[in-house]
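Undergrad: quick check, what structure comes out for this input:
(chains A and B)
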Amino acid sequence: MIARKDPSRRRSSWPSPPRITWLIRLIASSAAPALALATVAALAGVAGCSSATATEPRDAIVLEGPPPFEVRRRTSWPTAGWPEATPEEVGLDPAAIGRLEAYLFARNGDDADRRGQRTNGFVLIKDGKLVYERYARGYDADTPTLTWSVSKSIANTIVGRAVAEGFLDLNDAIGEHYPPAKDGGVDDVRVSDLLRMSSGVDWNETYETSPVFSSVMAMLYTRGRGDMAAFVASHGLAHPPGTRWSYSSGDTNLLMGVLRAALGDERNADYPWVALFDRIGMSSAVLERDAAGTFIGSSYVYATPRDLAKWGFLMLNDGVWEGERLLPAGWVKFSLTMAPAYFNTELTPGTVDDNPGAQVYLNHGDPARDVPPPWPAAPRDTFAAQGHWGKSIFVFPSLDMIAVRTGDDRVYACDIPGNAKCEPDSTKAYSKIHLLELIMATVPGGVEGAGTTAKADPKEGG
Amino acid sequence: MRKVLKIVGAVIGCVVAAGAVFVLFNWSTLSTFPAMPSSYEAKELCSCLFVEGRSQGDCEAFVRQDVVGIDGRDYDMEGKKVTVRALWSENSAHYVSRRYGCVLD
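TA: Below you'll find the model as predicted:
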């Protein structure tokens, strides 16, 4: 229900068996890992060791350099609204747009069964112009829509603004700003670690599939909801900061606590709007807060698809908007650089396609481990913000295109890994891979430099 | 027969003891779980109604989960507040503002 790609990965919707089955499942899913964890913890205690206490000296990250794509010169900006054009005017194939539409808005089941692709809205931007949009299921162009973990990528950019204005530095230990970090023993975690989900904080990012022991569910709805950043900090470290990558809504919300502390309460209260949303014309943006008043950057940005595309446009322009640099030089490059800890982290079927930058997801792969780029049809420079239940902002720099899709998918196609109850026919449920194939087909002549490799897709059979 | 009963008794005893240890070690997590379904629904219903501006029927369909039964939902449409009861727990969320959306009480 939340976040991971949010749960677009550990996902699968709440099952629907009778309650006695639920109880059995609850105990089975919860007891085994808990007992195993308790045993490991006990053994670690007996051995008197903790792998998380040693912190090696670390090099400072220097923000510099252009992004890994050509930044185009702009003559118009969509602050007040997107200029519009027909697909033909920007060189896209209208027939292929028709096939894209047919897939996105097909219904393969009624709403009660929650099967099939359930698209709420889709917007396609090409050369800085709105060339296609459509809405369904009661949504329209003016509906600020829940984005789940797409919020994380927007949180990245809010933090980037604070770095540009000198309130934070990537290399700051969070304990310098946020005293509760010391209480939890996570004060040596750096701002960059949180952005790269490499904090080492002991965290369990599961959603509906294992709600009882899910750290993220507890953070959003029970034990952590009063003060999410403090709740995350209290978890302590499972690994030294910067050494392991682990998808974590907790890292994002701890970062929101650090941001608030660095800005001060008064400036923090309207900072996302003053520093970012108002500057780029995201007038529909809502960002909810926890009971302590800290922004829930992991999950609760609401905005229209047109406004979400403006985030992509800011990234496409290397953080410059209407001639003014909003993000530090090098910020987009940093955000689109794979988190180094990812390469030291054992991958699972559920994480093999994650390719994390800094709260942004890449089409990179890991050749050293025979992991191909996750989106074979798309150019290698593609990057994305991704949220649970089929929400995404895909940005294609080499094509100067942005695609925003909001949805409420509860059953995915089988090419999304770690997904037991899936739809084998990718035309009959939400499939990022199929969606990207259809988007790329709108570009006449094909797409150069797409991420396809000769390697077998590890997600096959998913 | 008595031997079988002894074995069965020992197994049941072990299971009960293991269960007690499990509950003891995880009490803080287990004891707060019953609040999760009602707080989830309260928060997401509030945002669906007052941020996204959707209908009550659409929003109830959105938050529906077929695992835990919901005992009741109260909508204060004027005060922009939603209260949900489930698993002997009651939780509310209310709308704060245009920028801040909803928050759990």
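Undergrad: now the helices for chain B?
TA: B:2-25, B:27-32, B:35-50, B:56-63 (DSSP state H).
Undergrad: state which strand of chain B is the longest.
TA: Criterion DSSP state E: the longest strand present in chain B is strand B:89-97.
Undergrad: mind listing what's buried along that strand?
TA: Within strand B:89-97, the residues that count as buried by 16 or more other C-beta atoms under 10 Å in any protein chain shown are B:89, B:90, B:91, B:92, B:93, B:94, B:95, B:96. The way it works is simple: take the backbone N, C-alpha and C, and place the C-beta from them, glycine included.
Undergrad: now those in a markdown table, with pLDDT?
TA: Shown next, in a markdown table, are those (pLDDT from 0 to 100):
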| residue | pLDDT |
| --- | --- |
| B:89 | 96 |
| B:90 | 97 |
| B:91 | 98 |
| B:92 | 98 |
| B:93 | 98 |
| B:94 | 98 |
| B:95 | 98 |
| B:96 | 98 |
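Undergrad: how close does residue B:73 sit to residue A:112?
TA: Computed as C-beta to C-beta, to the nearest Å, the residue B:73 to residue A:112 distance reads 18 Å.
Undergrad: quick one, which of these two is more surrounded?
TA: Set residue B:73 next to residue A:112 and count neighbours by other C-beta atoms under 10 Å in any protein chain shown: residue B:73 wins out with 18 against 8.
Undergrad: surely the more buried one meets residue B:44?
TA: No: assessed by C-beta atoms under 8 Å, residue B:73 is found out of contact with residue B:44, at 11.7 Å.
Undergrad: where does chain B dip in pLDDT?
TA: B:22-25, B:27-28 (pLDDT under 70).
Undergrad: again with the stretch 301-450 of chain A
TA: Under the criterion pLDDT under 70, the flagged ranges of the stretch 301-450 of chain A are A:416-420, A:448-450.
Undergrad: what ranges do the helices span in it?
TA: A:305-316, A:331-335, A:432-440 (DSSP state H, counting those that start in this stretch).
Undergrad: what does the domain assignment say about chain B?
TA: Domain assignment for chain B by automatic domain parsing gives B:2-31, B:34-104.
Undergrad: turn the ones you listed into CSV, columns for distance to residue A:258.
TA: Below are the domains of chain B laid out as CSV (distance: least, C-beta to C-beta, whole Å):
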stretch, distance to residue A:258
domain B:2-31, 25
domain B:34-104, 20
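Undergrad: which one of those domains lies closest to chain A?
TA: With respect to chain A, and counting by C-beta to the nearest C-beta, the nearest of the domains of chain B is domain B:34-104 at 3.4 Å.
Undergrad: list the residues that contact the residue nearest to the spatial centre of chain B.
TA: Against the mean C-alpha coordinate of chain B, by C-alpha atoms, centre = their mean, the closest residue is residue B:37 at 2.1 Å. Each residue near residue B:37 by C-beta atoms under 8 Å, 6 or more residues apart in numbering or on different chains is listed here: B:65, B:67, B:68, B:70, B:84, B:86, B:87, B:89.
Undergrad: and if we set it to 10 Å?
TA: Neighbouring residues of residue B:37 by C-beta atoms under 10 Å, 6 or more residues apart in numbering or on different chains: A:14, A:211, A:221, B:63, B:65, B:67-71, B:84-87, B:89, B:91.
Undergrad: same question, residue A:285
TA: By C-beta under 10 Å, 6+ apart, the neighbours of residue A:285 are A:144, A:147, A:154, A:272-273, A:276-278, A:301-304, A:307-308, A:310-311, B:99.
Undergrad: rerun at 6 Å
TA: A:277, A:303 (C-beta atoms under 6 Å, 6 or more residues apart in numbering or on different chains).
Undergrad: local confidence estimate at it?
TA: We note a pLDDT of 98 for residue A:285 in this prediction.
Undergrad: related to what we said a few turns ago, quick check: which of the domains of chain B is buried the most?
TA: For the domains of chain B, the largest average neighbour count (mean count of other C-beta atoms under 10 Å in any protein chain shown) is found in domain B:34-104, namely a mean of 19.
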